[in-house]
Each structure stands twice: as C-alpha cells, then as structure tokens.
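> Just the structure for this:
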Amino acid sequence: MSGIAGEYRGKGVEVLAVNVWEDEGTFRAFAGSRGSELRWVRAEEDSLAPYGIRSLPAQAIVDRDGTVRWTSGLSSLFGTDRAVRRALDRILGE
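Predicted structure coming up:
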C-alpha cells in the first residue's frame with residue numbers, strides 16, 4: 001500500500017494504515033519505526049463498522065465526503081494492490 005500512497009498522493013489521495021489491535025504504546029513504537037509513505041493512525045475496532053469493514057485485515061476507499069466507495073476484506077487480499085488501483089482509477093475518473 002505504500003507504493004499506492006506515493007503513486008496517488010499527487011491526485012489528492014491519502015493512504016492511512018489503521019491499527020486496532022495494539023495498545024497505544026506498542027502502536028506508537030511500531031508506527032514510529034516504519035519508514036513508510038503511509039500515515040499511521042490508531043482506532044478502536046468498533047469504529048470501523050461504519051466504513052463497511054467487518055473483518056481484518058481489510059481495505060476501504062473513503063471519499064472526501066466520508067462516503068465509503070470501495071472495501072476489500074481478508075478473502076480478497078491477494079492481488080489487492082491491483083484491485084485498489086482499479087478502484088481508485090475508477091473513482092478518480094468520475
């Protein structure tokens with residue numbers, strides 16, 4: 001996903017890596033050690049449901065208005081970068 005973050009940043013896309021499992025201290029240490037183009041944020045697991053995320057790991061594309069435009073769950077993680085690019089290209093082309 002960090003490659004997608006760099007590729008689409010100039011098109012107004014921001015990629016977030018959301019962690020829900022680790023406690024705050026563990027999360028901060030992990031996120032701080034990552035040399036990544038992703039923006040790392042921590043959330044409570046139940047806060048993901050409004051975005052259509054029912055299982056983890058998962059991906060979602062949320063537009064500027066907060067509308068969920070695309071989601072992908074655990075069963076479809078293989079080939080995810082390609083699927084995310086297709087979804088982003090479709091959404092950005094609207």
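> My read is that Trp70 contacts Ala58, right?
No. In this structure, Trp70 sits apart from Ala58 without contact. The criterion is CB atoms under 8 Å, and the distance is 11.0 Å. Heads up, the C-betas are built off the backbone N, CA and C, glycines and all.
> can you confirm Val18 is in a strand?
Yes. Inclusion of Val18 in a strand is indicated when DSSP: H, G, I helix; E, B strand; the rest coil is applied.
> any idea of the pLDDT on it?
Val18 is assigned a pLDDT of 84 by the prediction.
> Helices of the protein, start to end?
Under the criterion DSSP state H, the chain contains helices at 2-8, 24-33, 80-92.
> how about low-confidence regions in this structure?
Residue ranges of the chain with pLDDT under 70: 35-36, 74-79.
> now the residue of it most remote from its centre: how far from Leu56?
Of all residues in the chain, the one whose C-alpha sits farthest from the chain's mean C-alpha position, using CA atoms, centre = their mean, is Gly25 at 21.2 Å. To Leu56, Gly25 is 20 Å away according to CB to CB, to the nearest Å.
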